[in-house]
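Colleague: Starting from these lines, generate the structure:
(3 chains)
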Amino acid sequence: MPHTTLVWFRQDLRLADHPALTHAVDRSDAVVPVFIWAPEEAGGWPPGGAHRWWLHRSLQALDRSLRDKGSRLMLRHGPSLETLRTLIEETGAGAVCWHTGYEPALRERDARIRDALREDGTEVRTFEGRLLHDVDGVRTGSGGPYQVYTPFWRKLGGLDLPVEAPLPVPRMGETKAPAAWPDSLPVEAFGLTPVAQDGVDWAGGFDGTPGEAAAHERLQAFIDHSLIDYPDRRNRPDVDGSSRLSPHLHHGELSPRQVWHAVQDWIRNRPMKDAAEVFLKEIVWREFAYHLLHHFPHTPAEPLKDTFAAFPWEDDADGLDRWQRGQTGYPIVDAGMRQLWQTGWMHNRVRMIVASFLTKDLLIPWQRGAEWFWDTLVDGDLASNTMGWQWAAGCGADAQPFFRIFNPVSQGERYDPDGAYVRRWVPELADLPTNYIHQPWTAPHDVLRRAGVELGTTYPRPIVDHGQARDRALAAYETVRQRSKGEA
DNA sequence: AACACCTTGAT
DNA sequence: TCAAGGTGT
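Modeller: Prediction:
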């Protein structure tokens, strides 16, 4: 039994259901929790701005929880291997443990660190703390990875997927503290909170409460009040029926095992399997995203379907800028992009609409959209972001067929029928009557005047005509479609 | 090898 | 009603 064990926290900023921490507490006299800030090791995907804002607060929350237990979180600035070695020397630790990561660059880094530490004579133990399934253990009949969701879901067992019970918070107590705590940086030293520019604080309106306690409150509130209506309300950005667990899951304040068991408990108490199944399928979509990232590690940058490597995308800098700023002239698109910028989060239905608009209406490469989301989402997750964008662009696993091009007007009318979502995020349109809220350019002059809207001045005219843009996208698709046929 | 199937749509 | 074509068994 090693005298002291380092627990290397990464995307698992919680105390409950933390196999690495539990192992360390069970198996050593002293436990030293550590978080290392080393963004340059992320292989071109360092945490984005909004993500860092969340991380800052989540680290504070974790440190508070640890202090309540007589422990504390050691904060250090990378590189990771050298930092761990320094901490081992300072604390006399004989072992290090952590949870497996799945981002390609971090996976390689972790393997290198594991080998180096073992050569030093340090015991290294890694645990599964992020997923419900074993990414190497789930294979198709022919031994390959899945590329279609439904067979993947069935293979896991659907609702009958066996999920181990989550672990309780380990009993730490003062007895597990080291004789002396090493030095730790203040979290402010990482510079994670965006600096206000021109008197405007970007993060001032960010949404959600980081930390393990808030994550559990959110989960319980969702199960108690929203789960039963989830199938109907999850697509409505105006009524907010989604779980909003994504940032908590991404940062590991909550584990998918905890979510799974909480929902299964809810099912047991009432015969409402269907609503729960729709939600748990979303949790398994997250598993699928990790399955894909693990087996196709090139996909954050390159399309999964290689015929799309030759797709005639257009690098339209002005179009990208207007999309990012929510100035496309399509209200549902602009509402989504402004919600994202102001709160660090966007409703999933709207994520699909804005992604379709960028890739189909503007023909801008999906990678530009993925990069923007990466920088602006508090839940930015390499696996989910990559899968989502490739799905929307039509070049990914189980993608929507390319010719399914979202119509931003009909999508707005269907999922924001009263225009409440648009009015909230595009306030310059707030006084427009509902029948014009999703297509202000069709409103008569006097209606616009009464609503205080002057197209081209207070709100932009559409930057593309959707009908023409749709034809252009289909023609562009035709070029790679012919190519793939010719090669076959 | 044949066959069923495939998250979220548009006209 | 239409829109391809691949995936997985």
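Colleague: can we go C-alpha only for contacts and neighbour counts from here?
Modeller: Fine.
Colleague: Just the pLDDT for A:Pro2.
Modeller: We have a pLDDT of 65 for A:Pro2.
Colleague: Likewise for A:Thr307?
Modeller: So, for A:Thr307, pLDDT stands at 88.
Colleague: Equivalent analysis for the one 10 residues further on, please.
Modeller: pLDDT for A:Ala317: 97.
Colleague: just A:Glu487 next, same as before
Modeller: In this model, A:Glu487 carries a pLDDT of 44.
Colleague: ok, now A:Ser484?
Modeller: Predicted confidence (pLDDT) for A:Ser484: 47.
Colleague: and if you look at A:Asp183?
Modeller: In this model, A:Asp183 carries a pLDDT of 96.
Colleague: Can you give me the neighbour number for the closest residue to it other than its chain neighbours?
Modeller: Among residues not flanking A:Asp183 along the chain, A:Met74 sits closest, at 7.3 Å (CA to CA, 6 or more residues apart in numbering). When neighbours are defined as other CA atoms under 10 Å, A:Met74 has 23 of them.
Colleague: what's the spacing between A:Met74 and A:His248?
Modeller: 21 Å (CA to CA, to the nearest Å).
Colleague: near DNA strand B, which residues of chain A?
Modeller: A:148-150, A:235, A:282, A:285, A:349, A:391, A:398, A:400, A:404-408, A:410-411, A:467 (CA under 7 Å from any atom of the strand).
Colleague: And the buried ones among the residues you listed, selectable in ChimeraX?
Modeller: This is the ChimeraX syntax for the buried subset of the residues of chain A next to DNA strand B, where burial follows 16 or more other CA atoms under 10 Å:
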select /A:149,235,285,349,391,405,406,408,411
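Colleague: Just the residues of chain A next to DNA strand B: which are in helices?
Modeller: A:Tyr149, A:Thr150, A:Glu282, A:Trp285, A:Arg349, A:Trp391, A:Pro408, A:Ser410, A:Gln411, A:Gly467 (DSSP state H).
Colleague: okay, those residues in a markdown table with distance to A:Asp274 and pLDDT next?
Modeller: Formatted as a markdown table, these follow (distance: CA to CA, whole Å; pLDDT from 0 to 100):
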| residue | distance to A:Asp274 | pLDDT |
| --- | --- | --- |
| A:Tyr149 | 18 | 94 |
| A:Thr150 | 16 | 94 |
| A:Glu282 | 13 | 96 |
| A:Trp285 | 17 | 96 |
| A:Arg349 | 20 | 95 |
| A:Trp391 | 25 | 95 |
| A:Pro408 | 30 | 96 |
| A:Ser410 | 28 | 96 |
| A:Gln411 | 25 | 96 |
| A:Gly467 | 38 | 94 |
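Colleague: What about DNA strand C: which of those touch it?
Modeller: Answer for those near DNA strand C: none qualify (CA under 7 Å from any atom of the strand).
Colleague: From the residues you listed, pick the one nearest A:Pro303.
Modeller: A:Trp391 (9.9 Å; CA to CA).
Colleague: residues in contact with the closest one?
Modeller: Contacts for A:Trp391 were tallied using CA atoms under 8 Å, 6 or more residues apart in numbering; they are A:Ala397, A:Asp398, A:Ala399, A:Gln400.
Colleague: contacting residues for the first one?
Modeller: Counting by CA under 8 Å, 6+ apart, A:Ala397 makes contact with A:Gln147, A:Val148, A:Leu292, A:Leu304, A:Lys305, A:Met387, A:Gln390, A:Trp391.
Colleague: rerun at 10 Å
Modeller: A:146-149, A:288-289, A:292, A:303-305, A:387-388, A:390-391 (CA atoms under 10 Å, 6 or more residues apart in numbering).
Colleague: Quick check, A:Glu103 in contact with A:Thr386.
Modeller: No: A:Glu103 is beyond contact range of A:Thr386, at 11.1 Å (criterion: CA atoms under 10 Å).
Colleague: intersection of neighbour lists for the two?
Modeller: With CA under 10 Å, 6+ apart as the test, A:Glu103 and A:Thr386 both reach A:Tyr290, A:Leu293, A:Pro300.
Colleague: Which residues of chain A lie near DNA strand C?
Modeller: Near DNA strand C, when you scan chain A using CA under 7 Å from any atom of the strand, you find A:140-142, A:144-148, A:151-152, A:155, A:400-401, A:403, A:481-482, A:484-485.
Colleague: Could you report the pLDDT at the closest residue to A:Pro297 other than its chain neighbours?
Modeller: Spatial nearest neighbour of A:Pro297, excluding adjacent residues (CA to CA, 6+ apart): A:Pro104 at 5.8 Å. Note for A:Pro104: predicted pLDDT of 97.
Colleague: With A:Ala196 instead?
Modeller: 82.
Colleague: what's near enough to touch it?
Modeller: Contacts of A:Ala196 by CA under 10 Å, 6+ apart are A:Trp202, A:Ala203, A:Gly204.
Colleague: what about the residue of the stretch 301-450 of chain A found nearest DNA strand C, distance to A:Met352?
Modeller: At 4.5 Å from DNA strand C, A:Pro401 is the closest residue in the stretch 301-450 of chain A, using CA to the nearest atom of the strand. A:Pro401 is 14 Å from A:Met352, where distance means CA to CA.
Colleague: Same drill for the two, tell me which one is more crowded.
Modeller: A:Met352 (19 against 13).
Colleague: Could you check the pLDDT of the residue nearest to that one when sequence neighbours are not counted?
Modeller: Closest residue to A:Met352 apart from its sequence neighbours, by CA to CA, 6+ apart: A:Ala392 at 6.5 Å. In this prediction, A:Ala392 carries a pLDDT score of 94.
Colleague: Pull up the pairing partners for the top strand by length along chain A, direction included.
Modeller: Longest strand in chain A by number of residues (criterion: DSSP state E): strand A:30-37. Here strand A:30-37 has these sheet partners by DSSP bridges: strand A:4-9 (parallel), strand A:74-77 (parallel).
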